[in-house]
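**Student:** Give me coordinates for this.
(chains A and B)
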Amino acid sequence: MELDSLYQEVILDHYKNPLHKGLPTGEIQVHHVNPNCGDEITLSLAIKDGKVTDLVWDGVGCSISQASASIMSDLVDGKSVEQAGVALHEFTELMSSKGTKSGNEDILEDAIALAGVSKFPARVKCALLSWMAFKDAAIQNGAEL
Amino acid sequence: MTSPLNISAIKRDFPIFDQEMRGGKRLVFLDSGATSQKPLQVMDAERNFYSTNNAAVHRGSYLLAERASEAFEGARARVAQFIGAQADEIVFTKSATESLNLLAASFERSSGTLAIKAGDEIVVSELEHHANLIPWQELAKRTGAVLKWFEMKQDGSLDLSRIDQIITSKCKVVAITHQSNVLGSVPDIAPIIEAAHSVGAVFVLDGCQSVPHQPVDVKELNVDFLVFSGHKALGPTGVGVLWGRHALLSQMEPFLYGGSMIETVTMTESTWAEAPKRFEAGVPNMAQAVGLAAALDYLDGVGLERIHEWERNLTKYALDGLHGIEGVKVVGPQGLENRGGVISFTIEGLHPHDIGQVMDQYGVAVRTGHHCAWPLIRKLGLTGTTRASFYLYNDISDVDIFLESVTGTRDYFRGR
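**Tutor:** Residues are numbered from 1 along each chain as shown, chains lettered A, B, ... in the order given. The predicted structure follows:
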């Protein structure tokens, strides 16, 4: 079923047991919402020695938005700003591919499971919400993305 | 259950149903609360206007301009008749949202009894769609007026216990919905209208969810303004209606300025045409107004009483089904009392967006999220609901597929 390409096992696993989810404690906290469906995320992180660290997020939303936040935070936390930027770019490209790309697993790791989302235009914003929050927080912390 | 409506014949009038949805499924359209589908008769009316009558209304002296004006004014008279009003009380706007913005902007600019100034009070309710909340919020901010509201109870009704404190002598405008677009609940507006009038305030009724589905007569309701949208009533997009008592419209300042709405113009000053033209700047959405008139003909042809009764049957059947599905909760009114053909529900542990996605695989089109009524959703302690709304083209098999898709959605995530 077409639906199974959207709701892959790894997505539902991240949805049920989200990583890096907690109370953001960083000095700079970003808050992003998806006004279409009311999904919200608050996120904070630190940039130390050119690396993304201490990424914590909290939020409410559908399985896609919550799984994407979990996958994203697990992927970029601990990576260099440059590597995180490459992943961000790769993921945004994947989401705008309308199902024509499968994503580079070396760069995106678990996030390639979200490739199916790009076939459902109404859900792309759900998947991108946390990534945009990450981008915003990284820039506010002085990273050049 | 046999329908008093000939639904298979009705469905044939709506070409949207002649196609397959995802997975080759037929369309089960349960989102008429957001917008309705359009019958051929409406499309033909628009096409006919463009094919034979198209010209800018109220301008040229040639035959086509006469025909266009006649068609447009005929549509105005048709709308008036539909809600028990006079033609010169009907203002065509682009949407119900614009109708409400028009009122708020005009009250700010008007003098006399309708003027809003610092310290005045504006009353809404927690049931309101954003379109009947934000224009008043902003009006209050701009003028220094105070925004007050009736609170909603868990069953979707309004708490009227403090009506005397909410509607006081400072109140100038009360704007309330005729039916919640989220829960389908129908608030008890009669005592609110009475209280508003007793302090000299005007009452604005948001009829977006009622006018397309049941007979509505502005005189019987004793309201002062009524707004509704054409596209929710089988009509085209791009046309909304504002009805107001003529004596009130005549006191009101324009909302948009430009052609058609003037009486005289010099380089420094202008004066305004009589209502309703005063509120219709620019060449209006003529074909859309004509299409709306055809939509109202269609609704009257089927019969609004019968449509309303049929929607109640569908709602009862759907409610009974939902109450029997473990893990599913109906939000708002649980039964048929004080409600229309709209049902919001939740499935335990599932986000509405995921629910809508899986239901789509069954060809079922429902609305998910906060339904442009975020304060109401927050009040219920939810992040959103899934909403099914019915109309004259829905039949019992639609509800059966809907119920099957709800159970299927619950099990899809349970099993994984």
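
**Student:** Give me the buried stretch members for stretch B:178-194, please.
**Tutor:** Using 16 or more other Cβ atoms under 10 Å in any protein chain shown as the test for burial, stretch B:178-194 gives B:178-187, B:189, B:192-193. From N, CA and C alone the C-beta is placed, and that goes for glycine too.

**Student:** Which pair in the residues you listed has the greatest spatial separation?
**Tutor:** Farthest pair in the buried residues of stretch B:178-194 (Cβ to Cβ) is B:182 and B:193. Separation: 22.2 Å.

**Student:** so which of the buried residues of stretch B:178-194 would you say is closest to residue A:6?
**Tutor:** residue B:182 (26.2 Å).

**Student:** related to what we said a few turns ago, secondary structure, pLDDT and distance to residue B:91 for the buried residues of stretch B:178-194 - can I get that in TSV?
**Tutor:** Listed next are the buried residues of stretch B:178-194 as TSV, based on DSSP: H, G, I helix; E, B strand; the rest coil; pLDDT from 0 to 100; distance: Cβ to Cβ, whole Å:
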residue	secondary structure	pLDDT	distance to residue B:91
B:178	coil	98	18
B:179	coil	98	22
B:180	coil	98	25
B:181	coil	98	22
B:182	coil	98	27
B:183	coil	98	29
B:184	coil	98	28
B:185	strand	98	28
B:186	coil	98	26
B:187	coil	98	25
B:189	coil	98	22
B:192	helix	98	24
B:193	helix	98	21
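
**Student:** Same list, these, but as a markdown table with distance to chain A please.
**Tutor:** Compiled in a markdown table, the buried residues of stretch B:178-194 are given as follows (distance: Cβ to the nearest Cβ, whole Å):
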| residue | distance to chain A |
| --- | --- |
| B:178 | 25 |
| B:179 | 22 |
| B:180 | 17 |
| B:181 | 15 |
| B:182 | 12 |
| B:183 | 16 |
| B:184 | 20 |
| B:185 | 20 |
| B:186 | 25 |
| B:187 | 23 |
| B:189 | 28 |
| B:192 | 28 |
| B:193 | 32 |
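
**Student:** For residue B:180, give its distance to residue B:153.
**Tutor:** To residue B:153, residue B:180 is 12 Å away according to Cβ to Cβ, to the nearest Å.

**Student:** Kindly apply the preceding question to residue B:320 instead.
**Tutor:** Taken as Cβ to Cβ, the span from residue B:320 to residue B:153 is 23 Å.

**Student:** which of these two has more neighbours?
**Tutor:** Higher neighbour count among residue B:320 and residue B:153: residue B:153, with 15 against 12, using other Cβ atoms under 10 Å in any protein chain shown.

**Student:** check contacts around that one.
**Tutor:** With contact taken as Cβ atoms under 8 Å, 6 or more residues apart in numbering or on different chains, residue B:153 is in contact with residue B:159.

**Student:** Tell me, what's the model's pLDDT at the residue in chain A that chain B sits nearest to?
**Tutor:** Of all residues in chain A, residue A:62 sits closest to chain B, at 3.7 Å by Cβ to the nearest Cβ. Residue A:62 is assigned 94 on the pLDDT scale.

**Student:** Can you report how many residues lie near it?
**Tutor:** By the criterion of other Cβ under 10 Å, residue A:62 has 29 neighbours.

**Student:** and what of the one 10 residues further on?
**Tutor:** When counting by other Cβ under 10 Å, one arrives at 31 neighbours for residue A:72.

**Student:** Please name every helix or strand in contact with the helix or strand it falls within.
**Tutor:** Assigned by DSSP states H and E, residue A:72 belongs to helix A:63-76. Contacts defined by 3 or more Cβ pairs under 8 Å, 6 or more residues apart in numbering or on different chains; DSSP states H and E place helix A:63-76 against helix A:9-16, strand A:39-48, strand A:51-60, helix A:81-95, helix A:121-140, helix B:352-360.

**Student:** most neighbours per residue, which of those?
**Tutor:** By mean neighbour count, with neighbours taken as mean count of other Cβ atoms under 10 Å in any protein chain shown, helix B:352-360 ranks first of these at a mean of 25.
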